[in-house]
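Visitor: Here is a sequence together with a model predicted from it:
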Amino acid sequence: MFLRQEKTPAGRGRAARPSSGLLLVAAWLAGCGYHVAGHTSTLPSTIKTIAVPAFENKTNQYRIEQRLTEATIHEFLVRTRYHIVSDPGGADAVVHGKVVSIETTPLLFDTVTGRATTMVVSVKCEVSLEELATKRQLYHNNNFIFRDQYEISTDVKSFFNEQDPALGRLARDFASHLVAAITEGF
């Protein structure tokens, strides 16, 4: 298709090489704006420091705002080039977050015991990123919903021991999606 066979002076065929058409297609695709997720930012170049103060909690889930805030800070530090602080005083932009709801719904059940083995957890937040110098909203979503499923043990003894690690996984997964949404414009 894009390969051609060249003849040597002796008339024998040589190994096929890519034609210039294939090279043009490859060059065109390379320039289409594709990038590896997590390595590009749509934020203005003037943003160097981002403040991430504690999220507000409007739910009855104990300390969920602390876990989500800590995970968001960690995700910014790991995935981006920004300096992260908790006080907006010395920042170029600030992330405001409010946990509006958290719901847990059973998805799969153990056929023997009838207990849930997989749960769907949905976290709804109001999130914004404000550039402090201009008071401009760089990102705003009143309906940021993170939803994922988590397996739980059917063993009653270990059920309560799993809640803390499960909330940690939830916070990390939530933060990963949130930071991508803020920095990559998704």
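Guide: Ah, there it is. Numbers count the residues shown, from 1 in each chain.
Visitor: any idea how far Thr49 lies from Arg81?
Guide: 11 Å (CB to CB, to the nearest Å). Placement of C-beta: from N, CA and C, glycine included.
Visitor: So between the two, which is more surrounded?
Guide: Comparing Thr49 with Arg81 by neighbour count (other CB atoms under 10 Å), the higher total belongs to Thr49, at 15 against 10.
Visitor: from what I can see that one touches Thr80, true?
Guide: No: with the criterion set as CB atoms under 8 Å, Thr49 and Thr80 do not qualify as a contacting pair; they are 11.3 Å apart.
Visitor: quick one: secondary structure of Ala181?
Guide: When the structure is reduced to helix, strand and coil (DSSP: H, G, I helix; E, B strand; the rest coil), Ala181 reads as helix.
Visitor: Who are the contact partners of it?
Guide: Going by CB atoms under 8 Å, 6 or more residues apart in numbering, Ala181 touches Val127, Tyr139, Asn141, Phe144.
Visitor: Just the buried subset of those residues, written out for PyMOL, thanks.
Guide: Selecting just the buried residues from the contacts of Ala181 in PyMOL takes one command, with 16 or more other CB atoms under 10 Å as the test:
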select buried, resi 127+139+144
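Visitor: Domain map for the chain?
Guide: As assigned by automatic domain parsing, the chain contains the domains 1-34, 43-184.
Visitor: now the longest one, how far from the centre of its chain.
Guide: On the basis of CA atoms, centre = their mean, to the nearest Å, domain 43-184 sits 10 Å off its chain's mean C-alpha point.
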